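Asker: just a sequence and a predicted model for now, questions to come.
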Amino acid sequence: MNLFKFSKNEIVELLSSKSSAILDLMISANSKRDNTIITFSKNIFIPLTEVCRNTCGYCTFRKDPKELGKQILMFPEDIISNLKKSEKYGCKEALFTFGERSDQIKDIRNILEKIGFENMSEYLYYICEETLKSTDLLPHSNPGIVSKKELKMLKEVNASMGLMLENSSPRLMQTEAHINSPGKNPWLRTQTIENAGRLKIPFTTGLLIGIGETLEERAQSLLELRRIQNKYGHIQEIIIQNFRSKPGIPMESHPEPSLMAVLKTVAVAKLIFPDVSIQVPPNLNKETSQMFLLAGADDWGGISPLSKDYVNPEAPWPEINELKRLTYDTGFSMRERLPVYPEYINSKFLSTNILEKIEKIKLKYKMNI
Ligand code: SF4
């Protein structure tokens, strides 16, 4: 078990490294890996709905119900048909990401009621269950803030789940980033991540860098995740995602974090979390993604051979072969993984349903996990 190794001041100092100290930081983070493998998961991205109760200043995903019309909710037939298509490409992960607590919006509630569901969590459970019944894909859901009861139900049909902490500072609730987003209250997010820990759900979380946080707040957020991981040990992956400005968003003129700022955060994250995979989304950093590997990143995340990134539609995923080339050129090798990391594939963390599906997938694809 890794205890707190760094104080907040020490982390801030590392995040403020200058010139050759940045290289030293990267070398020391890189030395924390126990192999030269960079992992990825072949997935399909299913946005159940783009309706969301929040309005984050950097979001391009969320849409108003009126704008969406009949496309307000993805229906089971379409979802299963897309999932079946993805199986032909060898996908093993069904990624369900969608607007948070959209059932607080009347139009979604009405449509859910019409098809026989009380809320989005019930609908998600049904979709995950159908996924397991009709395909050889493993669900990974990002349902936003949900209760412990909902997490417990969803655990039965998910190989892993996720929720970005983004930042642990309540101050950001008063800024352009989160002023209209009740679900971005860090207390609520921490509660959800901790409840997942209590329920032993393999979990992916992370930070959003460059949304107006100070270095102290960035350091505190990493320490908060470290505290949770020391207590529950369920965090399998930490995403370091950099803010990208996009035309038309409220934060369009907000500066993006510099390459060095993100590199230092990746390296510091690896130093604090030698026991957790660190991911930097390659589609947001095409030109610079190799640098993140040198700073300790060891996972490319979910890569889809067929679906676009609905959250960042302007940034398509690189082809898997292109990613392989980038990985080899940096001196690493690439290996496919499942949406749940090997150390969590056991009955302590997964339901029998999921464990059986994993065995089937391993046999079908001759995967040596
Ligand atoms: S970033 Fe996520 S939570 Fe925020 S408005 Fe967009 S979909 Fe909703």
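Answerer: Sure thing, it's come through. Numbers count the residues shown, from 1 in each chain.
Asker: could you use CA atoms for every contact and neighbour count after this?
Answerer: Will do.
Asker: Lys366: how many residues sit nearby?
Answerer: A count of nearby residues for Lys366, using other Cα atoms under 10 Å, gives 9.
Asker: so what does it have for phi and psi?
Answerer: For Lys366, the backbone dihedrals are phi 50, psi 50 (criterion: degrees, to the nearest 10).
Asker: how about Glu166?
Answerer: Main-chain torsions, Glu166, degrees, to the nearest 10: phi 70, psi -70.
Asker: and the nearest residue to it once chain neighbours are set aside, what does it touch?
Answerer: In space, and not counting its chain neighbours, Glu166 is closest to Leu207: 4.0 Å by Cα to Cα, 6 or more residues apart in numbering. Under the criterion of Cα atoms under 8 Å, 6 or more residues apart in numbering, the neighbours of Leu207 are 164-167, 221, 238-241.
Asker: farthest pair within those residues?
Answerer: Spatially, the most separated pair among these is Ser221 and Gln241, at 13.4 Å (Cα to Cα).
Asker: Ile38 belongs to a strand, doesn't it?
Answerer: Yes. Assigned with DSSP: H, G, I helix; E, B strand; the rest coil, Ile38 falls within a strand.
Asker: for stretch 241-249, what is the average pLDDT?
Answerer: Mean per-residue pLDDT for stretch 241-249: 95.
Asker: helix or strand right after the biggest helix by length in the chain?
Answerer: When the chain is parsed with DSSP state H, its longest helix is helix 215-232. On the C-terminal side of helix 215-232, the closest following helix or strand by DSSP states H and E is strand 235-242.
Asker: ok, and for whatever helix or strand comes next after that next one, which residues are buried?
Answerer: Per DSSP H and E, strand 235-242 leads on to helix 259-272 as the next helix or strand towards the C-terminus. Residues of helix 259-272 classed as buried: 260-272 (neighbour count, 16 or more other Cα atoms under 10 Å).
Asker: would you confirm that Ile108 contacts Ser102?
Answerer: Yes. Applying Cα atoms under 8 Å, one finds Ile108 in contact with Ser102, separated by 6.5 Å.
Asker: which residues do these two both contact?
Answerer: By Cα under 8 Å, 6+ apart, the residues touching both Ile108 and Ser102 are Val51.
Asker: now Asn35, what are its backbone angles?
Answerer: Torsion angles at Asn35 (phi, psi; degrees, to the nearest 10) stand at phi -160, psi -180.
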